[in-house]
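> Would you be able to build a 3D model of this:
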Amino acid sequence: MILGVGIEDGIGFLNMLFLYISSGIGGNLLSGVLSPAAFGVGASTAVFGLVGFLLAYICTNARFMVRRDKG
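All right, here's what the predicted structure looks like:
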């Protein structure tokens, strides 16, 4: 929940909704392709999609996230 609120504040509600739904559907489809004999339920793929987005965002924007002391 904390992760989702932080991302939603940064990218907005509609983008967050699109990211969550698309990563959930895409993760479940990929899971079905890689392991067709097993099936999964739940929102874990959507949560992993949010974690992946956050890690990609941090890696691509790390130079802008430097804390600078005033002095």
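
> Which pLDDT value belongs to Ile11?
Note for Ile11: predicted pLDDT of 91.

> Give me the neighbour count for the residue lying closest to it once chain neighbours are set aside.
Sequence neighbours aside, Leu19 is the residue nearest to Ile11 in space, at 7.3 Å (criterion: Cβ to Cβ, 6 or more residues apart in numbering). (Glycine included, C-beta is placed from N, CA and C.) Leu19 has 19 neighbours, counted by other Cβ atoms under 10 Å.

> Could you grab the helix/strand/coil label for Leu19?
Secondary structure, DSSP: H, G, I helix; E, B strand; the rest coil: Leu19 is helix.

> list the contacts for it?
Counting by Cβ atoms under 8 Å, 6 or more residues apart in numbering, Leu19 makes contact with Ile7, Ile11, Gly49, Leu50, Phe53.

> I'd like to know how many residues surround the second one.
Here the number of neighbours of Ile11 (other Cβ under 10 Å) works out to 14.

> where's it relative to Tyr57, distance?
Separation of Ile11 from Tyr57 (Cβ to Cβ, to the nearest Å) stands at 9 Å.

> With the first one instead?
If you measure Ile7 against Tyr57 using Cβ to Cβ, the figure is 8 Å.

> Of the two, give the one with the bigger neighbour count.
Neighbours per residue (other Cβ under 10 Å) separate Ile7 from Tyr57, with Ile7 holding more: 19 against 14.
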